[in-house]
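Engineer: sequence first, then the predicted structure, then my questions.
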There are 2 protein chains.
Amino acid sequence: MISKVKNAMSSLVGGIIPHGHHHQHPQHGAAQNGGADSLPPRFPYGRPEFLDLTPELLQYSTEHASRPVITLKRDSRLPWRTGYAEVINAGKSMLNEDQASCELLYVKKLSSKQQRCSMLLEDSGDTTGIPIHFWGVFDGHAGSGAALAASKLLHRIIRDRLCDVAHILENQNSPPPICLAKNGSPFQAEAKKGACLDGEDQDGPLDEPRFHMEKDISVESLVMGIIETAFRQMDDLIEKEKESYSISGGCCALIAIHLLGKLYVANAGDSRAIIVHNNEVIPMSNEFTPESERQRLQYLGFLQPELLGNEFTHIEFPRRIQHKELGKKMLFRDHTMTGWAYKMIVEDDLKFPLIYGEGKKARVMATIGVTRGLGDHDLKVYNSNIHIKPFLSCCPEVTVYNISELKHGSDDVLVMGSDGLWDVTTDRDVADAVSTFLSGREPNDPLRYTLAAQDLLMRSRGVLKERGWRLPNEKLGSGDDITVFVIPLAGLELET
Amino acid sequence: MISKVKNAMSSLVGGIIPHGHHHQHPQHGAAQNGGADSLPPRFPYGRPEFLDLTPELLQYSTEHASRPVITLKRDSRLPWRTGYAEVINAGKSMLNEDQASCELLYVKKLSSKQQRCSMLLEDSGDTTGIPIHFWGVFDGHAGSGAALAASKLLHRIIRDRLCDVAHILENQNSPPPICLAKNGSPFQAEAKKGACLDGEDQDGPLDEPRFHMEKDISVESLVMGIIETAFRQMDDLIEKEKESYSISGGCCALIAIHLLGKLYVANAGDSRAIIVHNNEVIPMSNEFTPESERQRLQYLGFLQPELLGNEFTHIEFPRRIQHKELGKKMLFRDHTMTGWAYKMIVEDDLKFPLIYGEGKKARVMATIGVTRGLGDHDLKVYNSNIHIKPFLSCCPEVTVYNISELKHGSDDVLVMGSDGLWDVTTDRDVADAVSTFLSGREPNDPLRYTLAAQDLLMRSRGVLKERGWRLPNEKLGSGDDITVFVIPLAGLELET
């Protein structure tokens, strides 16, 4: 994520692990240091394990001048023949702050000993249970720590939470029980005798409970809820582990999970996933930015003005106000408005707007350009003691695609990319490019999807010319870190 | 609005004006009385002025047993040849709590004397200035007062606010000035010399303002903002006038405004507007209900738990919890979730859920079934001192339809209806019915659109059979008050 956080010189945080002294680098980012200077990093910097980079290649991957595209090795194979490519930014941060994960995990009922243990389960190598395929793109800012931690741990948290309900998932045609006893079996409380079928007239806050109104919850809703709560657990875990480790910065998190014939896509941040099916685009995520979440953030600032630290106003104006404009009328909008109206300018309006700037330059508290993600617990406004975390949400939006109910050809794919991919390329461009690329390649080519990912990446990065990275149309290419997964929707069949 | 508010026996509030003693009726609704027993009503009960009902017809309109359909008189003509029909509920409240308005107003620059006056302008009969056409549907609950007040005043508030910017509207091809001096002329503050074009690196909350970032605001956004703020002013006015008058209950507000070739639809509540164009449906509003606004309300309850009065929990469960289920796990969702997950039940979870029930039976605090509208300032949870107003929003969602850019035939219409119309009839049903009806009528028939409104209304009301009001398919008809406008989109041309 390029320059998502201002004033946080994060480039050195974490360091390059092959050379060892990864926790001795100075931390420049006053906004995020949180006194963690002396703590060891939770995970050393590196690229995704599935890339299996040698120390030399890892060093090579950080060349800002040439920006080499790193792809899956020719002899590596990810689940579903997933394609992957990544490239570092054009110099904004020393390290590539994007991270990625791709995992095959198994959901099975936990032993009671495992249930009692609050630690994350290690991967046991046991391949019994319900398979889950997991893909994650984590776009870090102000350091690599949060993205690294999420890429190593989030899939395990989700797997563990799914294990808690393995017995329900195994029985996926029955709705999940509303209430469970401690041992996980359904707990049947008796409905009161004579409960009426119509809640209209008789229940009230002071009445005894009756069961005449009971919502039907689907297994799909349960999986969505588990993913949503797992994001929060991941965020809490980062906060907790920061007591013992350095976990720098924050990250956007975009994940996809295949479980029992459904594809769940969860997004917290400004990465994006689309499905390309018969060359049609199906958007699978929305971006969460200061512009798209303006009203949520303004509402919080309105309800809890103490979070604005007497420096910011929750009201938005089309530009900064000058002192001599006091008493004049200016266009404004607050948390309730989509349009603009005039208001008389008062002293309080001279404060800096909570949300300011347009498009990629929009910022929360003049600092951060994304409003959902993991980490950022110490993030403060530059030169102040104002915390930004209360305005950030770690909650993803989850969408579901019923993959088993549709027929997919070998050119139908899920594309997941960090914002570096999408900044200069539209959904339609990506769909056309991937469809054209794949239709020209042998369906059995094992590198098919990785080459497609590489092709997409290069279309957004461009090539280095005299005036910087340029696209074929001479427009500026993306100078950001770029990470791309191209996942064939027929992947399950391709494997077998 | 049928049974939107429980435990508030509102039927007598206001009384029927022809018999005089309209402020001497007892007020039963403990939830809403606010000590207003001795105050006169702000407006006497009646039906919309454009119906021009005699006292006998007004009495006749309240016949719950026969539910007569009241339409525009044969010799009346509304602007744009607008069609209108209404019917009272099947007995839930003594009076028809829906109200409606249809107005032609003019926007022109106010004299400085008028500007200084904070009163609403009277309709002067002056037909110079920019014409505004206005339609409003106000679906009251727990009394008629708020709906009556909104139907008499909201269009005047909007007109006055538009008059404030008449000089900007007259010049609609120039964007509205960001800043205005007291006399309304643009105020030009100097941009600081040397302002850079890129806000990326130099501005911060403590810097001097610079104008290198200035948003372009359109006239359309200004009109939207004025409508949004006018709803708030209407709500504030009801609160203020309640010091001197009885203004019972609350109301949903759905309005449409035609101004300078654009149709603005603003909705706060669960009424609905659709455009039928070439027999295609274009939804122009969304409903705001405990289900659609669950997360907003839960978020407020989470941030300000004192508003829950120690009686309610912001967390949602699929049903009420029994005491013996303490310590068990139950499905839940909070303000951050769309799916459901399990949580251990603790004492606090035994409180009544802030949002409870499904579909038309969903309620906020077991009381109200709609989450946006005007009024309700005194609404409390039955038998408690817990105010519900903080959870209700008076802010509409505004949509815009560029009416002058499209060609409209005489069968293309905007349909606006209170929820009574839509409860038993889908958008598609309404579109088909209105298209079929209109295609069978002479285009020059002056009653064309009123007969179409009557036809739609009767399709939702049904006919009285032994087992109540029934639709042709024997399903229950709507027992609610029903109000329908059918507005021809070619109306401006039809008039000339």
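Structural biologist: The structure has been received and is ready for your questions.
Engineer: contacts, neighbours, all on C-alpha from now
Structural biologist: Fine.
Engineer: I figured A:Ile321 hits A:Pro353, correct?
Structural biologist: No - applying Cα atoms under 8 Å, one finds A:Ile321 not in contact with A:Pro353, separated by 9.8 Å.
Engineer: now A:Leu153: how far from B:Pro55?
Structural biologist: The spacing between A:Leu153 and B:Pro55, counted by Cα to Cα, to the nearest Å, is 74 Å.
Engineer: let me fix that: A:Lys407
Structural biologist: As defined by Cα to Cα, A:Lys407 lies at a distance of 67 Å from B:Pro55.
Engineer: same deal with A:Thr450?
Structural biologist: Counting by Cα to Cα, the gap from A:Thr450 to B:Pro55 is 79 Å.
Engineer: cool, A:Gly91 as well?
Structural biologist: 80 Å.
Engineer: now A:Lys182
Structural biologist: In this view, A:Lys182 and B:Pro55 are 67 Å apart by Cα to Cα.
Engineer: also A:Ser185?
Structural biologist: Separation of A:Ser185 from B:Pro55 (Cα to Cα): 66 Å.
Engineer: higher neighbour count, A:Gly91 and B:Pro55?
Structural biologist: More neighbours surround A:Gly91 than the other of A:Gly91 and B:Pro55, with 18 against 14 (other Cα atoms under 10 Å in any protein chain shown).
Engineer: where do the helices sit along the stretch 351-496 of chain A?
Structural biologist: A:419-422, A:427-439, A:448-461, A:491-495 (DSSP state H, counting those that start in this stretch).
Engineer: my error: substitute chain A in the last question.
Structural biologist: A:55-60, A:112-116, A:145-164, A:166-169, A:219-241, A:294-303, A:419-422, A:427-439, A:448-461, A:491-495 (DSSP state H).
Engineer: which of the ones you listed has the lowest average pLDDT?
Structural biologist: Across the helices of chain A, helix A:112-116 has the smallest mean pLDDT, namely a mean of 70.
Engineer: output stretch A:424-440 as CSV, restricted to C-alpha atoms.
Structural biologist: Output of stretch A:424-440 as CSV, limited to C-alpha atoms (Å, rounded to 0.1, in the frame of the first residue of the first chain):
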residue,chain,number,x,y,z
VAL,A,424,-4.5,1.9,-12.9
THR,A,425,-6.6,-0.9,-14.2
THR,A,426,-10.4,-1.3,-14.2
ASP,A,427,-12.3,-4.5,-13.4
ARG,A,428,-13.2,-4.7,-17.1
ASP,A,429,-9.6,-4.3,-18.2
VAL,A,430,-8.5,-7.1,-15.8
ALA,A,431,-11.3,-9.4,-17.0
ASP,A,432,-10.5,-8.8,-20.7
ALA,A,433,-6.8,-9.2,-20.1
VAL,A,434,-7.1,-12.4,-18.1
SER,A,435,-9.7,-13.9,-20.5
THR,A,436,-7.5,-13.1,-23.6
PHE,A,437,-4.4,-14.4,-21.9
LEU,A,438,-5.9,-17.7,-20.8
SER,A,439,-7.7,-18.4,-24.0
GLY,A,440,-4.4,-18.3,-25.8
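Engineer: what residues of that stretch count as buried?
Structural biologist: For stretch A:424-440, a neighbour-count test (16 or more other Cα atoms under 10 Å in any protein chain shown) marks A:424-425, A:427, A:430-435, A:437-438 as buried.
Engineer: before we move on, what about stretch A:408-419?
Structural biologist: Neighbour-count burial for stretch A:408-419 flags A:408, A:410-419 (criterion: 16+ other Cα under 10 Å).
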